[in-house]
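S.K.: Predicted structure and sequence below. I'll ask about it afterward.
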Amino acid sequence: MKLLSATPSPYARKVRIALAEKGLAFELVTEVPWDRDATAPRYNPLGKLPVLILDDGSTVFESHFILEWLEARYSEPPLVPRDVDGRLAARRLEVIADGVCDATVLTLFERLRGEGCSAPWLERQRRKIEAGTAALAQAVRPGATYVLGEAFGLADIATGTVLGYLELRLPEFDWKAVHPHLAEWFARISERPSFASTRPQAQRFSDPVV
């Protein structure tokens, strides 16, 4: 398999971590999705990353669907609880984490407009980011190793990747000071090999986005 990825992308990082946790071999192909020579549109009609290219040439795209596909095709070790309540709780946290990621991306692009950026728009995204992070902090028990139950899974992947993205893209948002027990949990999960080997890094655009 091949995974089309971008180094700062929390969405692609979720998939990279899941592949590593399941012990699945893959070739990592890194590109900047905004550049005109990006290959993602050949494999995903939406032109977005990540994209998982299978051995037969077929593709699976969008991080949440790739994770669902991996869980269906490679069930061991499970990353989603098998009981209904646990599964729904994990998916709920994934929705919150993805929403914070989305708001962060919208913030970054709005800022690229310079003097023409919208203060009300940025404020709206800030509220989403702060409220979403607070909801994640509420879900993580002080001193807990994992977000849900006693096993690593989707909730840890979603929560950890969004916090790593905030650390990279919005360093002025000091969520660690606001939620110290969440910062402690993040420090612990960041030492896990699948997290340590996929730390996000910024990319430089060669083509204009805004």
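M.R.: Here it is on my side, so go on. Treat the numbers as computed from the prediction; the structure is a model and nothing was measured.
S.K.: For Pro45, the count of nearby residues, please.
M.R.: With neighbours defined by other CB atoms under 10 Å, the count for Pro45 comes to 10. From N, CA and C alone the C-beta is placed, and that goes for glycine too.
S.K.: Name the SS class of it, please.
M.R.: Under DSSP: H, G, I helix; E, B strand; the rest coil, Pro45 falls in the coil class.
S.K.: roughly how far apart are it and Arg111?
M.R.: Counting by CB to CB, to the nearest Å, the separation of Pro45 from Arg111 is 29 Å.
S.K.: Ok, Gly153 next?
M.R.: Counting by CB to CB, the gap from Gly153 to Arg111 is 34 Å.
S.K.: and what of Pro180?
M.R.: For Pro180, the distance to Arg111 - CB to CB - is 28 Å.
S.K.: Likewise for Glu150?
M.R.: From Glu150 over to Arg111 (counting by CB to CB), the distance is 41 Å.
S.K.: Compare neighbour counts for these two and give me the winner.
M.R.: Arg111 (11 against 7).
S.K.: Least confident secondary structure element in this protein?
M.R.: Ranked by mean pLDDT, DSSP states H and E, the helix or strand of the chain with the weakest confidence is helix 40-43, at a mean of 87.
S.K.: Stretch 138-149: how far from the chain's middle?
M.R.: Stretch 138-149 has its C-alpha centroid displaced from the chain centroid by 18 Å (CA atoms, centre = their mean, to the nearest Å).
S.K.: Leu49 touches Pro8, doesn't it?
M.R.: No: judged on CB atoms under 8 Å, Leu49 makes no contact with Pro8 at a distance of 10.6 Å.
S.K.: Give me the buried stretch members for the helix or strand where Lys128 lies, please.
M.R.: Using DSSP states H and E, Lys128 falls within helix 119-139. Neighbour counts using 16 or more other CB atoms under 10 Å place Gln125, Lys128, Ile129, Gly132, Thr133, Leu136, Ala137, Ala139 of helix 119-139 among the buried residues.
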